[in-house]
Structure formats: structure tokens, C-alpha cells
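Enquirer: coords please:
(one chain, ligands or ions: 1)
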Amino acid sequence: MVFAITNPSNCPIAPKPPTKAKPLKSLLTVKCFASPHSVASGVVERPWKTSDARLVLEDGSVWKAKSFGARGTQVGEVVFNTSLTGYQEILTDPSYAGQFVLMTNPHIGNTGVNFDDEESNQCFLAGLVIRSLSISTSNWRCTETLGDYLSERNIMGIYDVDTRAITRRLRQDGSLIGVLSTEESKTDEELLEMSRLWDIVGVDLISGVSCTAPYEWVDKTKPEWDFNSNEREIYHVVAYDFGIKHNILRRLASYGCKITVVPSKWPALETLKMKPDGVLFSNGPGDPSAVPYAVETVKEILGKAPVFGICMGHQLLGQALGGKTFKMKFGHHGGNHPVRNIMGSRVEISAQNHNYAVDPASLPEGVEVTHINLNDGSCAGLAYPQLNIMSLQYHPEASPGPHDSDTVFGEFVELMKRAKQKA
Ligand SMILES: NC(=O)CC[C@H](N)C(=O)O
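Expert: The predicted structure is shown next:
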């Protein structure tokens, strides 16, 4: 089934100042990676698909590719993800709203999609960029092919594009805005102009992915996940949904928490009226500086209940404590990031997905850096024991990714326990 995308549906368009536009003569065309297959005489010709899509980056490069999933034209920020597995969890991570995810693992689609690996109820990302789309799908849990899944969700995908070359470009020049199109009527110059008139910085993407009303969450992860299955006292956690991944909720439930999920604009006063044992500020897409209302909410809650921030939640906590966040060159996206856990005196391999980070030098005295990303030394975790605050810049719930940091959910439970005993 074919869906037309007429306008980027997942994130608002914020015009860039026209001065940024470079002369169109800087447009360079990258040779099509997929050359037409030659067929030996006597062999039946197969209906090989030839390139029918273009990815035009704001640096003027044009990448020819083959489309799958939805058709149309879509703008977004291109980021690369180094996870070897878990494309379905990545597709349904709401923190990718407004972004094209380029998978560095070249072979994608081989296990199809299934009912269990959804991290949210929707795909919010702008599109998927891969090297090779598996021609067959084989997995006992598979219910559908990746292509059909993306078509139904109106998400564009491209394959047979040189993902290594694009990744090297992003590593060298930083994240780039791109436009993906299957529309032949649009010229390269028009697509380039679109990419240069769009921006993701300063845009509130959380409002488009958060739930609209509070709800209770009860599902736990399956028993094979249970590293610590002791019965525990029940703690009530209010979880702010800035684009929350289901596995955060499942892990909290498995650690014995009763969870109320609330929308991103839920007033702090209403949260405090529920007398929660702890408050979780979730992951979420985009620029933490574009959501001052969320920083205000965090400020109003600090000191009144133990809090745990994950990714966007960590960045909002950093700002609420008086610190600054900044945009990284190309961010961290993947399941293989080494992090030094300073308190635990160990290195954890972690799942990460962020383009912004907290500048630890901007934080007030008393705030401790608890985790450091060993690839670039950036701040990966914070604590402020005086106010019962803890946070991680990355994803302890994994999904996809390693489980090394799962114990942090237990640390949050301990924090709530200590605070309750003192009260
Ligand atoms: N996973 C997240 O919460 C992402 C946080 C933020 N949107 C960033 O890109 O840095």
C-alpha cells in the first residue's frame, strides 16, 4: 500500500534564517551505490528494483537509494545508530522524533517485526536509512515484514545507500539535516532548499509524543529479565511521559513499583497531591532548552520527592539544578557505549540515544557526576544526595542493548526506601 507524505507529520517545521543557505552550485551528486544488475544471456531477468529515492543532505550531497515503507517527501535530522540488534525497538523509541535513523549494521529486516518489541505505540522517527534490506524474514516471533510495518505507519525507509560513507560524513561534520524523497517531480535543488529551511534545535518535540491523560502501568518484563526477583515493598512512582519507552515502565514494575504515567504538561502540584514515593522524568525527543515548562515542573518537584531522570529527564534535571545543556557534534546512538560508573567502581556497556548533554562545569556545588562516557568523557550520570536526585544520560532499560546498568532501578527503589524511612 502506498502512502503519500505531503508534510513532515512528526515534527513542526521551524524556518531557518535564509542567510544560512549556500549557493546551489555547491550541490554535489554522490554516485548511486547500487549499479544496475547485469543479467547473463539465457537467464530469466528478475524485476530488480532500481533507485527510486534520494536523500539530499544540507551539505549539498545527494544520495541515490531504493525506497521501502512509505513514499513521499520527508525532512529530518540524520543520526547514525551503531546497535547490532533491535531495529524495532529503535523504530518505536519516541526520542527519535524528527530524526532519520541510519543503522551502521548493514543487514536489517531479517527478523521482521513482532508484537513484543514495541517501545511505544507509534513510530515517531522521520525515517530509516539502511544499507541492505533483507530479502527474507525469518524469526519465530515474526508477524510482519519490516517494509509492510513501515508502510502501515507511514514511515519512509531507504536501502542500497552507502551508509558507511554517510556515517563518516556525520562523524566528520556533525549531524546534518536531510530530505528524503521518492517524488521525481522535486529537483535536487528544491530538496536541498527544504533541508536548509528546516531546523530541529529549539523545537518542542515532546508535546507531539507524550500521552494526553494519566494512566496506570502494570506490565512487567518477562521472567528471563529478572536478575533480582525478590518480593519487594511496593513504591508508588509517578512517571512523566516525555516520550517514555515501555521498557522503563516494565523494569520499574518488575522492581515492584506501582506506576502512574502522566503527560509532559501535568502540573507538579497534581503530582505532589498523589504523594508519590518517587518521580521519574523520562527520555524524550529533541532539545531540552525548547521545553522550559518541563524544567519548571522538575524544579517544583525537586526536594519534595526522590527523583530519577533518564536521558531527556537527566537533561531537564541538569537545567533545573541551574546547569546548562549543549548540542553534541553527532551524539551517542547505539548499544555499545562504555560508561564508568564512579560510585559502583565499574565499567558498564550501555545503550545510548542522545544528541544533547549536560555541561558538568555549569552545575552548582554539591551535584556529583556519577557516570562518565568513556568514549568522549561526557557526563553520563548525576546525583544530588541532599535532594534525593539521581539521573542517567543513557538507557538502563536497554531495549535494545546490554543490561549492565539495570541495577540502577534497584538504586532508585533504595532511594525511595531511605526517603520513606526518614519521613
Ligand atoms: N533519549 C532521549 O531522551 C534523548 C534526549 C534528547 N532528546 C537528546 O537527543 O539528547
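Enquirer: helix or strand for whichever residue of the stretch 101-250 of the chain sits closest to the ligand, which one?
Expert: Here the stretch 101-250 of the chain gets closest to the ligand at one residue, residue 243, 6.7 Å apart by C-beta to the nearest ligand atom. Every residue, glycine included, has its C-beta placed from N, CA and C. Assigned by DSSP states H and E, residue 243 belongs to neither a helix nor a strand.
Enquirer: name the residues of this protein found near the ligand, please.
Expert: Where proximity means C-beta under 6 Å from any ligand atom, the interface of the chain facing the ligand comprises 95, 283, 284, 285, 286, 311, 312, 353, 354, 355, 356.
Enquirer: using TSV, lay out the residues you listed together with secondary structure, pLDDT and distance to residue 236.
Expert: Below are the residues of the chain next to the ligand laid out as TSV (DSSP: H, G, I helix; E, B strand; the rest coil; pLDDT from 0 to 100; distance: C-beta to C-beta, whole Å):
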residue	secondary structure	pLDDT	distance to residue 236
95	helix	98	25
283	coil	98	21
284	coil	98	22
285	coil	98	27
286	coil	98	29
311	coil	98	23
312	helix	98	22
353	strand	98	28
354	strand	98	28
355	strand	98	33
356	strand	98	30
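Enquirer: can you redo those as TSV with neighbour count?
Expert: TSV is the format used below for these (neighbours: other C-beta atoms under 10 Å):
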residue	neighbour count
95	30
283	28
284	29
285	29
286	28
311	29
312	31
353	27
354	24
355	23
356	20
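Enquirer: can you map out the strands along the stretch 251-400 of the chain?
Expert: 257-263, 278-281, 307-310, 324-341, 346-359, 368-373, 379-384, 389-392 (DSSP state E, counting those that start in this stretch).
Enquirer: pipe the residues of the chain next to the ligand into CSV and attach distance to residue 233 per row.
Expert: CSV is the format used below for the residues of the chain next to the ligand (distance: C-beta to C-beta, whole Å):
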residue, distance to residue 233
95, 31
283, 26
284, 29
285, 34
286, 36
311, 27
312, 29
353, 32
354, 32
355, 38
356, 35
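Enquirer: sorry, back to before: pick the most buried one from the strands of the stretch 251-400 of the chain.
Expert: strand 307-310 (a mean of 28; mean count of other C-beta atoms under 10 Å).
Enquirer: quick check: neighbours of that strand in the sheet, parallel or antiparallel?
Expert: Sheet pairing of strand 307-310 (DSSP bridges) gives strand 278-281 (parallel), strand 389-392 (parallel).
Enquirer: go ahead and name everything in contact with it.
Expert: 248, 278-283, 298, 301, 315-317, 382, 387-392, 395-397, 408, 412, 415 (C-beta atoms under 8 Å, 6 or more residues apart in numbering).
Enquirer: okay, the closest residue to residue 265 other than its chain neighbours: pLDDT?
Expert: Spatial nearest neighbour of residue 265, chain neighbours left out: residue 293 (6.2 Å); criterion: C-beta to C-beta, 6 or more residues apart in numbering. pLDDT for residue 293: 98.
Enquirer: quick one, what contacts residue 286?
Expert: Neighbouring residues of residue 286 by C-beta under 8 Å, 6+ apart: 11, 97, 98, 200, 203, 204, 205, 206, 312.
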